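Engineer: sequence and predicted structure are below.
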Amino acid sequence: MGYDEDDSMARVDFFKESGKWYTTEAVKWHDYDGEIFEAFRNALRRHTNGRLSGMTAVCLEPPHARPFPLMIKSW
């Protein structure tokens, strides 16, 4: 299910403010049962350490107990 061999990893695409795709990264999730948007924000903060923070982040298959596609602008 995970983006790679680790099921806690998820593919996250980052887009510039203009909507142009910028990069794709594998992000590790730590919270599988909590509120899904907060879990996504926390995973992004841990993974990027401030990089890419003004962009839109999209995760189509989050490793969460109740998954659905997510998008957060300027997280």
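Structural biologist: Alright, I've got the coordinates.

Engineer: the nearest residue to Met55 once chain neighbours are set aside: neighbouring residues, count only.
Structural biologist: Leaving aside its sequence neighbours, Met55 sits nearest to Phe14 (C-beta to C-beta, 6 or more residues apart in numbering; 4.6 Å). (C-beta placed from N, C-alpha, C; glycine too.) Other residues lying near Phe14 total 19 when counted by other C-beta atoms under 10 Å.

Engineer: how about the one 10 residues further on?
Structural biologist: Burial of Thr24, expressed as a neighbour count using other C-beta under 10 Å, amounts to 12.

Engineer: what's the average pLDDT for stretch 22-32?
Structural biologist: Stretch 22-32 shows an average pLDDT of 91 in the prediction.

Engineer: in that stretch, what counts as buried?
Structural biologist: Neighbour counts over stretch 22-32 (16 or more other C-beta atoms under 10 Å) mark Glu25, Val27, Trp29, Asp31 as buried.

Engineer: secondary structure element for the second one?
Structural biologist: With the criterion set as DSSP states H and E, the secondary-structure element containing Val27 is strand 21-28.
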